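Visitor: sequence first, predicted coordinates after that:
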Number of protein chains: 2
Amino acid sequence: MEKSLEDVIHNLMEEMFIIQNKSNEFMKILTHDENLSENLVLLLLRLKLYRHMKITEISEAFMLTPGAATNMCDKLEKLDYVERIRIKDDRRVVRVSLTKKGEERVEAIFSKFSKEKIESISSMFMEINKLFKKNEY
Amino acid sequence: MEKSLEDVIHNLMEEMFIIQNKSNEFMKILTHDENLSENLVLLLLRLKLYRHMKITEISEAFMLTPGAATNMCDKLEKLDYVERIRIKDDRRVVRVSLTKKGEERVEAIFSKFSKEKIESISSMFMEINKLFKKNEY
DNA sequence: GAATTTATTTTAATTACTAAAATATATAAA
DNA sequence: TTTATATATTTTAGTAATTAAAATAAATTC
């Protein structure tokens, strides 16, 4: 039986909002008790993962203007969680990376999960990404 | 071979950010060319799906204070996309719902996707939610 | 070496958000 | 009933996040 356009849109939204709720729930656990905004926590994690990022990369990852990215880094720099290094090959570029204190903060953020929990969430995310790869919008 | 805690955290973040990127990409397509913030678009869609929402429900869905939810509704009301109705059983509660113009706007938002595209994205989202159900954080 | 491009920062203004007080209705207890 | 307490939303005033555009500075091109 053929579904109407109305129905398929309805289905899409239904599934989309379940995902949004689940995603909010996860972010709430991850950033819970952290006195940092969600984006600042995510920036710390990205810096942990990628080792260093340019301001433009940060602004793209968070869909913000470079000015806003500079501002986020200022805040984390004030807390001594990140440092800026002008790269010698091209001194226009800043390389933002975690300090020792920043690394420790990232560890603390994940300490609310057991290793087993992290592994199971991680493999679920992997499955999700397999689906993304198969389906491209 | 046993993976270190460092490694499993690394894996989790890696997969998490791919999901975040994909999600950003989708939201960009969805809200592209719309002169409304991402959250205002998502609120229109939620109202389309649920028919009506209370202010407290909106604030929970978007993880905002009730004051912020009131403000979002004010903006959409000014555009004549939503209306507020005090429910008669309990006049403290407002029921926010789409106007005819709001319904049309939601249709317009989805007109950037073909029916087939919507169906395929929808079934991918369904698969993702099956994974969520199996895995609970 | 002058003009153009690229990367980041700064500035000023706007927008989004929060916390807390105010308003209004509902419920419960005396 | 009155009074107190609880619930739902709105208002207010202040703060935080964000943008657009100008400023700075280094790199590239012509």
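Guide: Yep, that arrived. Numbering: from 1, shown residues only, chains lettered A, B, ... in the order given.
Visitor: what's the burial count for residue A:55?
Guide: 19 (other C-beta atoms under 10 Å in any protein chain shown). In short, each C-beta sits where N, CA and C put it, glycine included.
Visitor: which ones are touching residue A:136?
Guide: Residues near residue A:136 by C-beta atoms under 8 Å, 6 or more residues apart in numbering or on different chains: none.
Visitor: let me redo that: residue A:106
Guide: Per C-beta under 8 Å, 6+ apart, neighbours of residue A:106: A:44-45, A:48, A:98.
Visitor: just the pLDDT at it, thanks.
Guide: What the model reports as pLDDT for residue A:106 is 96.
Visitor: part of a helix, is it?
Guide: Yes - counting by DSSP: H, G, I helix; E, B strand; the rest coil, residue A:106 is located in a helix.
Visitor: returning to what we had before: just the ones of the contacts of residue A:106 in helices?
Guide: Residues from the contacts of residue A:106 lying in helices, with DSSP state H as the criterion: A:44-45, A:48.
Visitor: phi and psi next, for the closest residue to residue A:120 other than its chain neighbours.
Guide: Leaving aside its chain neighbours, residue A:120 sits nearest to residue B:135 (6.4 Å; criterion: C-beta to C-beta, 6 or more residues apart in numbering or on different chains). Main-chain dihedrals, residue B:135, degrees, to the nearest 10: phi -110, psi -20.
Visitor: in terms of pLDDT, where does residue B:135 sit?
Guide: 86.
Visitor: quick one: it from residue A:86, how far?
Guide: The gap separating residue B:135 from residue A:86 is 43 Å, by C-beta to C-beta, to the nearest Å.
Visitor: so between these two, which is more surrounded?
Guide: Per other C-beta under 10 Å, whichever of residue B:135 and residue A:86 has more neighbours is residue B:135, with 15 against 10.
Visitor: ok, that one - contacts?
Guide: Residue B:135 touches A:120-121, A:124, counting by C-beta under 8 Å, 6+ apart.
Visitor: which helix runs longest in chain A?
Guide: helix A:5-31.
Visitor: what's the pLDDT at the residue of chain A most remote from its centre?
Guide: No residue in chain A sits farther from the centre than residue A:1, which is 40.9 Å out by C-alpha atoms, centre = their mean. Looking at residue A:1, its pLDDT stands at 82.
Visitor: pLDDT score assigned to the one residue in chain A that gets nearest to DNA strand C?
Guide: Closest residue of chain A to DNA strand C, C-beta to the nearest atom of the strand: residue A:67 (2.9 Å). Residue A:67 is assigned 98 on the pLDDT scale.
Visitor: in the strand or helix carrying it, which residues are buried?
Guide: If you go by DSSP states H and E, residue A:67 is part of helix A:66-78. Along helix A:66-78, these residues count as buried under the neighbour rule (16 or more other C-beta atoms under 10 Å in any protein chain shown): A:69-70, A:72-73, A:76.
Visitor: what's that helix packed up against?
Guide: helix A:38-50, helix A:55-61, strand A:82-86 (3 or more C-beta pairs under 8 Å, 6 or more residues apart in numbering or on different chains; DSSP states H and E).
Visitor: list the contacts of that helix.
Guide: In contact with helix A:66-78 (C-beta under 8 Å, 6+ apart) are residues A:39-40, A:43-44, A:55-56, A:58-59, A:62, A:64, A:82-84, A:96, A:102.
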